[in-house]
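**Q** Quick one, what's the 3D model for this:
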Amino acid sequence: MNLQVLFKHFPKVVWGLVSTVSVFSLVFSFASLKTSAQAVSNPINLQISAVTKDGQFQATRVVGNDWIFDGELGLSDTIRYRWKGVDINLKYKTSPVLGGGYLKVYLDSVSEANLLIEQGTDNYPMKISDISGKLKNGLNKILFVYVNPLVKDPFTPVAFTFNYKDANSQPKIEVLKPQPGAVFMGQTDQSVVIKLTNFKLVNQEQKQTGIGRMMVYFNEVNGGGFLGTIKTSSAQKDGTFEVRFSETDIDFSKIPDSPATKLIFVLVDSQEKEIGAKAEISVQTNYKGSADVGLPKITIIEPNKDRSDLSTTGETKFLVAVENFKILTERPAAGGIDSTSKEGFLQIIVVTGDKSEPLQPIWGKTSFTLNEIGFSSDSEGQKKVVVQLVDKNFQRLKPQATDQIDVFYKPATASNSNSSVDVQNNTWRIAIIIMTVVLIIGGITILITKG
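**A** Modelled structure (predicted):
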């Protein structure tokens, strides 16, 4: 009986199952399409939902995929956002996982040149002070882009538009010295000079804007790249502040040798929280002497330093090799002197006793003789010939570029005098012999005649 009922209603049961499966398939397909569409445009449903202005929570409004705040934001305000389905953390930059990523924030357009900051939960909410360095005074449009290192295709940015107030009063930092490419190594004693605008350094903790400290890093801003903190600056007549420090204040020797090391200077408040102002410069570091940093170098090639005969005359040719340096033949015109260490003058010194002043402060060739440089002496003996490179201000390079060689000088005048004396002595000897022979022959002749 049950079997008859089952067979009687079998077509309806089958149709019901088929209909149910079809409905689920359609729902699943729609969900897949919707998810796929979200994956292309906004996979984490990112919303720039609110801001904190003057310590108060204020909502934003949305138009399409653009979020807008109608008021003005300043350095002390923050931007809030929310998302779904993933973990936002900067650790996924170096340790990618499924379901994890971070945000990149750009100004105006998505390009590395316009990158403002990288965001995660570790620096949420986003501080205006952290991005103020590139903001315009007035209307700004920034773009939030979700980044998953495991997904190659980029996601569509989510835009946020707002007005920024008082951009001109934001702290600014500018590196005045050294010049890019400067060498930091032993004996260089490099100094750093930085100009601060709308900010001064203080040693004590004070909760107010426009004051704080400067953190120094190399290559990247993290614990491993930290070099030290500078807490003092001096006021200038134009209202800016100047910061000066050297290798005695910051231990640069902990930086690995490299022809391209990035020094980073970051302004922080008195509680050492970043305020969004920083500067950087690329330099060369060679404290361990393992990097080729292209330093000026001078070497005496001839005479050979390993020779057994050290004797040298005024006509002996000296030959030097100069690397990474342009030798000038005359002083630049007034106002043309700069601090570059890649061009300047070759100087030649002959050390005699306590005297070591350059005989030729400007020498334009890489070869010379002692006679050519104006050295002369009547006495023979040990001399030291020194060659050195100096900058346009006639200051020794740092590190110094110099070489020297010991010679045994033989003056030509002494040699000629000895020859003259020898000739004269030989002439007298011949004359005496002739006179002696004449006398003997004369005596013999007299004896023969008398006999």
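
**Q** and stretch 368-380, how far out from the chain's middle?
**A** Averaging C-alpha positions (CA atoms, centre = their mean, to the nearest Å) puts stretch 368-380 44 Å from its chain's average.

**Q** Same question for that stretch: list its buried residues.
**A** Taking 16 or more other CB atoms under 10 Å as the basis for neighbour counts, the residues of stretch 368-380 that come out buried are F368, L370, E372, I373, F375, S377. Placement of C-beta: from N, CA and C, glycine included.

**Q** Stretch 123-140 now?
**A** By neighbour count on 16+ other CB under 10 Å, the buried set for stretch 123-140 is Y124, M126, K127, I128, S129, D130, I131, S132, G133, K134, L135, N140.

**Q** Can you name the residues bridging to the last one?
**A** Translated: N140. F162 (DSSP bridges).

**Q** Render the CA-only coordinates of stretch 403-416 in CSV, please.
**A** Output in CSV follows, covering the C-alpha atoms of stretch 403-416 (Å, rounded to 0.1, in the frame of the first residue of the first chain):
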residue,chain,number,x,y,z
ASP,A,403,100.6,59.5,-1.0
GLN,A,404,104.4,59.8,-0.3
ILE,A,405,107.7,58.3,-1.2
ASP,A,406,111.2,58.5,0.4
VAL,A,407,114.1,59.3,-1.9
PHE,A,408,117.8,59.9,-1.5
TYR,A,409,118.4,63.2,-3.2
LYS,A,410,121.7,63.9,-5.1
PRO,A,411,122.1,67.5,-6.1
ALA,A,412,123.5,68.0,-9.6
THR,A,413,125.7,70.9,-8.5
ALA,A,414,127.7,68.7,-6.1
SER,A,415,128.2,66.2,-8.8
ASN,A,416,129.6,68.8,-11.2
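
**Q** Show me what it is in contact with.
**A** Counting by CB atoms under 8 Å, 6 or more residues apart in numbering, stretch 403-416 makes contact with 298-300, 303, 305, 310-316, 318, 320, 370, 376-388, all of which sit outside it.

**Q** Contact partners for the residue nearest to I79 when sequence neighbours are not counted?
**A** Once its chain neighbours are removed from consideration, I79 has its nearest residue in M126; the separation is 4.5 Å (CB to CB, 6 or more residues apart in numbering). Remark: with contacts taken as CB under 8 Å, 6+ apart, M126 is in contact with T78, I79, R80, Y81, V105, I117, Q119.

**Q** top of these by neighbour count?
**A** Across those, neighbour numbers were computed from other CB atoms under 10 Å; I79 holds the maximum, 26 neighbours.

**Q** ok so, going back, the buried residues of stretch 123-140 in helices, which ones?
**A** I128, S129, D130, I131 (DSSP state H).

**Q** would JSON lines of the residues you listed with pLDDT and distance to F160 be doable?
**A** As requested, these are exported to JSON lines (pLDDT from 0 to 100; distance: CB to CB, whole Å):
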{"residue": "I128", "pLDDT": "93", "distance to F160": "12"}
{"residue": "S129", "pLDDT": "89", "distance to F160": "16"}
{"residue": "D130", "pLDDT": "91", "distance to F160": "14"}
{"residue": "I131", "pLDDT": "92", "distance to F160": "11"}
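
**Q** nearest to S233, of those?
**A** Among those, S129 lies closest to S233 (CB to CB), at 19.3 Å.

**Q** unless I'm mixing things up, the closest one is touching L267, no?
**A** No - the pair formed by S129 and L267 falls short of the contact definition of CB atoms under 8 Å, at 9.8 Å.

**Q** who touches both of the two?
**A** With contacts defined as CB under 8 Å, 6+ apart, the residues adjacent to both S129 and L267 are E274, I275.

**Q** Need the contacts of M126 in CSV (columns: distance to N65).
**A** Putting those into CSV (distance: CB to CB, whole Å) gives the following:
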residue, distance to N65
T78, 22
I79, 16
R80, 18
Y81, 13
V105, 15
I117, 20
Q119, 18
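
**Q** got JSON lines for those, with distance to E274, pLDDT and secondary structure too?
**A** Formatted as JSON lines, the entries for the contacts of M126 read as follows, by distance: CB to CB, whole Å; pLDDT from 0 to 100; DSSP: H, G, I helix; E, B strand; the rest coil:
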{"residue": "T78", "distance to E274": "13", "pLDDT": "95", "secondary structure": "strand"}
{"residue": "I79", "distance to E274": "16", "pLDDT": "97", "secondary structure": "strand"}
{"residue": "R80", "distance to E274": "19", "pLDDT": "95", "secondary structure": "strand"}
{"residue": "Y81", "distance to E274": "19", "pLDDT": "94", "secondary structure": "strand"}
{"residue": "V105", "distance to E274": "15", "pLDDT": "96", "secondary structure": "strand"}
{"residue": "I117", "distance to E274": "10", "pLDDT": "94", "secondary structure": "strand"}
{"residue": "Q119", "distance to E274": "14", "pLDDT": "93", "secondary structure": "strand"}
